[in-house]
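below are the sequence and a predicted model for it; my questions follow.
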2 protein chains.
Amino acid sequence: MQVTALPQDPAEVRDLIRRGVVNETTAGMAPGRVQANLVVLPGEMAFDFMLFCQRNPRPCPLLEVTEPGSFEPTRLAPGSDLRYDVPRYRVYRDGELEAEVPDIADYWQDDLVAFLLGCSFSFENALIRAGIGMRHIECGTTVPMFITDVQTEPAGSLSGPMVVSMRPIPRGQVVRATQVTSRFPAVHGAPFHIGDPAAIGISDVTRPDLGEPVEIKDGEVPVFWACGVTPQAVAMNSKPPFMITHAPGYMFITDAVDEDYAVL
Amino acid sequence: MQVTALPQDPAEVRDLIRRGVVNETTAGMAPGRVQANLVVLPGEMAFDFMLFCQRNPRPCPLLEVTEPGSFEPTRLAPGSDLRYDVPRYRVYRDGELEAEVPDIADYWQDDLVAFLLGCSFSFENALIRAGIGMRHIECGTTVPMFITDVQTEPAGSLSGPMVVSMRPIPRGQVVRATQVTSRFPAVHGAPFHIGDPAAIGISDVTRPDLGEPVEIKDGEVPVFWACGVTPQAVAMNSKPPFMITHAPGYMFITDAVDEDYAVL
């Protein structure tokens, strides 16, 4: 099904995802609505992860946390079901990717807590409205992501490197891109780093660790934003016994409106 | 000791507080430094309270959370000791105020978690720099606070009404006051309500529930901000078995700089 032929209503898109009719990346779906990264952990790890998010708000901006055992995020998407409404999930055990699955009904436990984190799709919409092109969207590819040598602030048993996404921005638009994304701290906010990839431990900016490469043209600067895939790098580093996430690019679509998350 | 004669360095002020030399409200101390509301809870309540803060970021903007058992907020004030460095504490049991004490050494337990929340002193400095006078500071009184009829978003066992502080603002400066405080979401941010006190359940704006009254002059509008005393109203409502807070106005002084918490 073509993204352009999909309904605009987020609940209707979630229903198509739940029924398996839609199973691709959610980029461009339900335009103007907040999409979210998902992390699901057993209750005994929930405090540590929440502490981790509090200490690392740029990669992990918390939008909603469910009560233990509840799979319905009642604030951002009443009536939804986090066991089915993401097109693709990843299941980790002891830090190893065990499975990639279209639903997590068989994995659900009564003590699980679900965390929804802000996603860069929200600020990309704002950048596009400001006339700043997004190369990976123009190319129809997944944004390039890099595991940096910058360590997150540890919390309890959780620690690991920060993951960033990269977008090439024409030199004359870098300040504007910084201003526009600064308005959205709840969805990663301002750039984490502008320019020299080596300064944050990226040895080859043409070879991302996740997603797909994009060309950096003459006169463009690589600009890096903190990325909501960071918890997956932390999982691989800290090896929690059990953890479920979305698959990169396959997000949870909420009812919330992007612009409502702008601070000014 | 006169506030004006105090050292500017936050660590030196904390040392005077720790030794009992300074034991008054911290308004005006260590100018330009972030002051914080304190909430201390046993580990088994920590997740619920953190969830409460995530759902109620305006009254409860989390600045730092300590690891269970630790009384040192290593990020905001390395070397400090939360058992001694607040001039006055309140101890609650089952929602009842049991004691007001100058230190909590005798109450400390290995499972306690300390939460530091943003405080209005930070945005008041910004308002004063913008030429907007603070009546309660001019009068040398504690800001008037009101328990509203607006309910916070519950989390686990915690629920209760939102507490707001009130400042009279000349009609022509209300928009500017909104802009200035919008820059500081980590310290309560934009006003919660402008004008009619009855709209948020305040029957008599001259009789605050906490703090002291201030005059609202002709041509001034009462402007209300979410207040970090809200957890104390929630404690009285939800009756957690054990909870320690600062006494209103007697804050924890951090090393952090107010302006670093501005979003733009």
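Happy to help now that I have it.

what's the closest non-adjacent residue to the residue in chain A that chain B sits nearest to?
Of all residues in chain A, residue A:47 sits closest to chain B, at 4.5 Å by CB to the nearest CB. Backbone N, C-alpha and C define where each C-beta goes, glycine included. Distances taken as CB to CB, 6 or more residues apart in numbering or on different chains place residue B:47 nearest to residue A:47, at 4.5 Å, with adjacent residues excluded.

could you tell me the angle between the helix or strand hosting the one you found and helix A:43-55?
Assessed by DSSP states H and E, residue B:47 sits inside helix B:43-55. Relative orientation of helix B:43-55 versus helix A:43-55 (axes from the mean of the first three to the mean of the last three CA atoms, to 10 degrees): 50 degrees.

and stretch A:248-264, what's buried?
A:248-256, A:258, A:261-263 (16 or more other CB atoms under 10 Å in any protein chain shown).

for the residue nearest to residue A:47, give me its contacts.
By CB atoms under 8 Å, 6 or more residues apart in numbering or on different chains, the contact set of residue B:47 is A:43, A:46-47, A:50, B:156.

try residue A:101
Residues in contact with residue A:101 (CB under 8 Å, 6+ apart) are A:88-89, A:91, A:107.

quick check: phi and psi on it?
Backbone torsions for residue A:101, taken as degrees, to the nearest 10, come to phi -140, psi 160.

what parts of the stretch 51-200 of chain A come near chain B?
Residues of the stretch 51-200 of chain A lying close to chain B by CB under 8 Å from any CB of the partner chain are A:51, A:54-55, A:62, A:64-65, A:67, A:75, A:153, A:155-156, A:179, A:182-183, A:185, A:189.

which ones among these are found in strands?
Among these, the ones falling in strands (DSSP state E) are A:62, A:64-65.

export those residues to CSV and tack on neighbour count and pLDDT?
Formatted as CSV, those follow (neighbours: other CB atoms under 10 Å in any protein chain shown; pLDDT from 0 to 100):
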residue, neighbour count, pLDDT
A:62, 24, 95
A:64, 20, 97
A:65, 25, 97
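
picking that back up, and the contacts of residue B:47, which of them are buried?
For these, buried by 16+ other CB under 10 Å: A:46-47, A:50.

domain ranges for chain A?
According to automatic domain parsing, chain A is divided into the following domains: A:3-119+A:238-261, A:121-230.

possible to save the ones you listed as a markdown table with distance to residue B:168?
Shown next, in a markdown table, are the domains of chain A (distance: least, CB to CB, whole Å):
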| stretch | distance to residue B:168 |
| --- | --- |
| domain A:3-119+A:238-261 | 30 |
| domain A:121-230 | 30 |
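
quick one: buried residues of stretch A:93-108?
A:95, A:101-104, A:107.

using the three-state scheme, assign residue A:77.
Secondary structure state of residue A:77, per DSSP: H, G, I helix; E, B strand; the rest coil, is coil.

who are the contact partners of it?
Neighbour list for residue A:77: A:10-11, A:14, A:85, A:252-256 [criterion: CB under 8 Å, 6+ apart].

go on, residue A:49?
By CB under 8 Å, 6+ apart, the contact list for residue A:49 reads A:39, A:41, A:113, A:115, A:155, A:158, A:231.

what's the farthest-apart pair in those residues?
For the contacts of residue A:49, the maximum inter-member distance is 14.9 Å, found between A:113 and A:155 (CB to CB).

re the thing from before, closest one of the contacts of residue A:101 to residue A:205?
Residue A:205 lies nearest to residue A:88 out of these, by CB to CB, at 26.9 Å.

confidence score at the closest one?
On pLDDT, residue A:88 comes in at 97.

just flag the most distant two among the residues of the stretch 51-200 of chain A next to chain B.
Among those, A:67 and A:179 lie farthest apart (CB to CB), at 37.4 Å.

only the buried members of the contacts of residue A:49: can you turn that into a ChimeraX selection?
Here is the ChimeraX command that selects the buried residues among the contacts of residue A:49 (16+ other CB under 10 Å):
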select /A:39,41,113,115,155,158,231
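
from the contacts of residue A:49, which land in strands?
Going by DSSP E, the strands hold A:39, A:41, A:113, A:115 from these.

now the residues you listed as CSV including distance to residue A:218?
Below are those laid out as CSV (distance: CB to CB, whole Å):
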residue, distance to residue A:218
A:39, 39
A:41, 45
A:113, 48
A:115, 41
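
okay, those residues in TSV with pLDDT next?
Below are these laid out as TSV (pLDDT from 0 to 100):
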residue	pLDDT
A:39	96
A:41	97
A:113	97
A:115	97
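
for those residues, which one is nearest residue A:240?
Of these, the one sitting nearest to residue A:240 (CB to CB) turns out to be residue A:41, at 6.6 Å.

ok, that closest one touching residue A:111?
No. At 9.5 Å, residue A:41 does not count as touching residue A:111 under the criterion of CB atoms under 8 Å.

ok, back up a step: farthest pair in the contacts of residue A:101?
Spatially, the most separated pair among those is A:88 and A:107, at 13.6 Å (CB to CB).

which SS class is the residue sitting furthest away from the middle of chain A?
Distance to the chain centre peaks in chain A at residue A:218, reaching 28.6 Å (criterion: CA atoms, centre = their mean). Taking three-state DSSP as the rule, one finds residue A:218 in the coil state.

same question for residue A:7.
At residue A:7 the chain is in coil, as set by three-state DSSP.

mind listing what it touches?
Counted by CB under 8 Å, 6+ apart, residue A:7 has contacts A:13, A:16.

low-confidence ranges in chain A?
A:1-4 (pLDDT under 70).

could you pull up phi and psi at the residue nearest to residue A:199 when sequence neighbours are not counted?
The shortest distance from residue A:199 to any residue other than its chain neighbours is 6.6 Å, reached at residue A:193 (CB to CB, 6+ apart). Per-residue torsions, residue A:193: phi -160, psi 140 (degrees, to the nearest 10).

returning to that earlier point: as JSON lines, the buried residues of stretch A:93-108 with secondary structure would be great.
Formatted as JSON lines, these follow (three-state DSSP):
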{"residue": "A:95", "secondary structure": "coil"}
{"residue": "A:101", "secondary structure": "strand"}
{"residue": "A:102", "secondary structure": "coil"}
{"residue": "A:103", "secondary structure": "coil"}
{"residue": "A:104", "secondary structure": "coil"}
{"residue": "A:107", "secondary structure": "helix"}
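
for chain A, what spans make up the helices?
Assigned by DSSP state H, chain A shows helices spanning A:10-18, A:43-55, A:121-129, A:135-138, A:174-182, A:230-238.

most neighbours per residue, which of those helices?
Stretch with highest mean neighbour count among these: helix A:230-238 (a mean of 23; mean count of other CB atoms under 10 Å in any protein chain shown).

got a list of contacts for that one?
For helix A:230-238, the external contacting residues (CB under 8 Å, 6+ apart) are A:37, A:39, A:49, A:52, A:56, A:59-60, A:90, A:92, A:95-96, A:117, A:147, A:152, A:157-163, A:243, A:245, A:248.

if we go to 7 Å?
A:39, A:59-60, A:92, A:95, A:147, A:152, A:157-163, A:243, A:245 (CB atoms under 7 Å, 6 or more residues apart in numbering or on different chains).

mind giving me the PyMOL command for buried ones among the residues you listed?
Applying 16+ other CB under 10 Å to the contacts of helix A:230-238 leaves a buried subset, and the PyMOL line that selects it is:
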select buried, chain A and resi 39+59+60+92+95+147+152+158+160+161+162+163+243+245
